[in-house]
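Q: pasted the sequence and its predicted model underneath.
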Amino acid sequence: MELVKDTLESNPAGNSYKLGEVTLMCPKCQQIFATACVDEIPVLNPLARIEADLHRVLPDAAIRAAMIATCPNCTYTWWTESFIPNDTVPLMAIDAPSIDPVKKFGHAILSSRMYGATNLEKAQIALNAYYCARDSFQSGEKILQIAKEELRNAIETEPYLKNRSRHIYLMAEIYRLSGEFHEAVKFYFQVDRSALLPQELLDHQIRQAKLGNAKPVTIPNHIVKQIYDLRISADRAARFLFMSAVA
Ligand SMILES: [Zn+2]
């Protein structure tokens with residue numbers, strides 16, 4: 001398999017995303033195959049482009065798609081890092097199927113249902129499927145509805161959910177993006193300080209919901225900086241926001 005893309009230019013800070021390839025073994029059927037992987041992710045910085053639902057806008061949908069892998073034998077699709085590493089040189093291994101990034105996440109949603117993922121895992125996959133659609137300049141409306149169901153299930157059924165307040169904020173954003181403004185406002189008001197989100201962002205998004213704005217909103221750099229400052233002390237801050245904002 002050739003490199004999907006050598007270097008994908010990223011953000012104004014000049015860092016770059018790099019895709020490479022790796023050989024893996026499917027944990028379900030033991031098929032060995034070569035697939036794309038993310039070799040380099042720029043560290044989150046205040047200039048990063050982040051939307052109000054806290055997902056980082058990526059310069060190419062292929063990057064998010066490389067975070068998951070599809071087995072060419074059984075089509076099991078899950079986070080790339082959850083597959084078993086294999087020493088075979090990628091050139092000598094069977095290639096992973098070439099699938100459109102959004103469809104690849106569709107396979108991951110199916111796998112999450114087939115293989116008994118937790119409600120939170122299902123929500124994380126569905127949310128990333130939606131972000132991938134947005135990275136591909138699609139509205140992702142249908143996937144957003146799946147994400148809404150899955151995240152609501154996770155919030156309702158997992159009482160000790162980590163970062164609960166952030167998930168509640170995400171739920172509010174999903175309702176706003178779905179045009180369900182009353183529900184959105186209800187959830188925004190349940191967000192507390194443990195979400196580590198600036199009050200300015202919350203006030204802004206509540207205003208958007210009350211105005212009936214269902215469109216994606218890009219967070220201004222000064223608010224990204226506030227979020228960044230609030231999170232900078234936390235470990236894995238960059239990865240947390242990059243993955244999906246639901247760690
Ligand atoms: Zn397999």
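A: Good, I have the coordinates.

Q: when you work out contacts or count neighbours from here on, use the C-alpha atoms and nothing else.
A: Fine.

Q: low-confidence regions, the protein specifically.
A: Along the chain, the model assigns pLDDT under 70 to residues 1-15, 232-247.

Q: any idea how far the ion is from the residue lying farthest from the centre of it?
A: In the chain, counting by Cα atoms, centre = their mean, Met92 sits farthest out from the average C-alpha position, at 31.0 Å. Met92 sits 18 Å away from the ion, taking Cα to the ion, to the nearest Å as the criterion.

Q: and if you look at Ala147?
A: As judged by Cα to the ion, Ala147 and the ion stand 25 Å apart.

Q: right, and that residue touches Tyr130 too?
A: Yes - between Ala147 and Tyr130 there is a contact at 7.4 Å, judged by Cα atoms under 8 Å.

Q: write out the residues of this structure neighbouring the ion.
A: Cys26, Cys29, Cys71, Cys74 (Cα under 5 Å from the ion).

Q: list just the nearest of those to Glu51.
A: The shortest approach to Glu51 among these belongs to Cys71, at 31.4 Å (Cα to Cα).

Q: any idea how far that closest one lies from Gln30?
A: With distances taken as Cα to Cα, to the nearest Å, Cys71 is found 9 Å from Gln30.

Q: okay, the two: which has more neighbours?
A: For Cys71 versus Gln30, neighbours defined as other Cα atoms under 10 Å are more numerous around Cys71 (26 against 14).

Q: for that one, give me its contacts.
A: The contact partners of Cys71, taken as Cα atoms under 8 Å, 6 or more residues apart in numbering, are Cys26, Gln31, Phe33, Thr77, Ala96, Pro97.

Q: among the residues you listed, which ones are in strands?
A: By the criterion of DSSP state E, membership of the contacts of Cys71 in strands covers Phe33, Thr77.

Q: with neighbour count added, can I get the contacts of Cys71 in TSV?
A: Rendered in TSV, the data for the contacts of Cys71 read as follows (neighbours: other Cα atoms under 10 Å):
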residue	neighbour count
Cys26	25
Gln31	15
Phe33	28
Thr77	23
Ala96	20
Pro97	16
